[in-house]
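Asker: Sequence and predicted model, in that order:
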Amino acid sequence: MAFWSTNDVEPKRNFRFQVQIIGLSDVGAPTDVLWWAKTVTTPSFEVSETEHDYLDNKFYFPGRVTWSEVSMTLVDPISVDAVKITNKLLEASGYTVKANENSQTTMSKMKATNTALKRIIISVMNADGDPIEQWQLNNPFIKSAKYGDLDYGNDELRTVEMTIRYDWATCNNTETQFEPV
């Protein structure tokens, strides 16, 4: 029986999500929830392999897990300036403007992961707005930010594109867990 033939099962929807950066309010944002998030990729991973030749056969063994980067597109509202918040996150990571010759600080992983981006949580929501799946990015930092393109012939919303690097991700499913068969 397919899931769409009953009315008590509903698939997850791509437009029901929320991005939360714990500590975002420390850099001037009114809340840790990015209500201005337009798109976000969920975490993914790749497992390397090791090949072993034995006689006339090849055997493969799993190797290391590498977590892929997460991309996020934010709308740049006027009242909560996404460009300003992104720049403040970069400064909280230890970056200083070179015009300030008195500054002696540098970027570090500790500053980037403990001060700027403490935790990033990507939540998939149900129809009632309750989280049913939550991804937590561990030790995240901003790898790149692109502040969009300006164009007189374009009337779309201005966006900020960010790439987030992290060490690993954890997934918590908050719905009722299935019983093993």
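Answerer: Structure's in. What do you need?
Asker: Could you list the buried residues of the longest helix along the chain?
Answerer: Determined from DSSP state H, the single longest helix within the chain is helix 82-92. Using 16 or more other Cβ atoms under 10 Å as the test for burial, helix 82-92 gives 82, 85-92. All C-beta spots, glycine's among them, are computed from the backbone N, C-alpha and C.
Asker: ditto for stretch 121-130
Answerer: Here stretch 121-130 shows 121-125 as buried, counting by 16+ other Cβ under 10 Å.
Asker: For the residue sitting furthest away from the middle of the chain, what are phi and psi?
Answerer: Distance from the C-alpha centroid of the chain, by Cα atoms, centre = their mean, peaks at residue 55 (45.5 Å). Backbone geometry at residue 55, expressed as degrees, to the nearest 10, gives phi 50, psi -120.
Asker: The worst-scoring helix or strand of the chain on mean pLDDT: what's the following helix or strand?
Answerer: Scoring the helices and strands of the chain by mean pLDDT, DSSP states H and E places helix 109-111 at the bottom, with a mean of 80. Reading on from helix 109-111 to the C-terminus, the next helix or strand found by DSSP states H and E is strand 119-125.
Asker: how far away is residue 105 from residue 115?
Answerer: Computed with Cβ to Cβ, to the nearest Å, the distance linking residue 105 and residue 115 is 11 Å.
Asker: Those two: which is more packed in?
Answerer: Remark: of residue 105 and residue 115, residue 115 carries more neighbours, 17 against 11, as counted by other Cβ atoms under 10 Å.
Asker: Wait, that one touches residue 92, no?
Answerer: Yes - counting by Cβ atoms under 8 Å, residue 115 does reach residue 92; the two are 4.9 Å apart.
Asker: Identify the bridge partners of residue 123.
Answerer: Beta bridges link residue 123 to residue 18, residue 134 when assigned by DSSP bridges.
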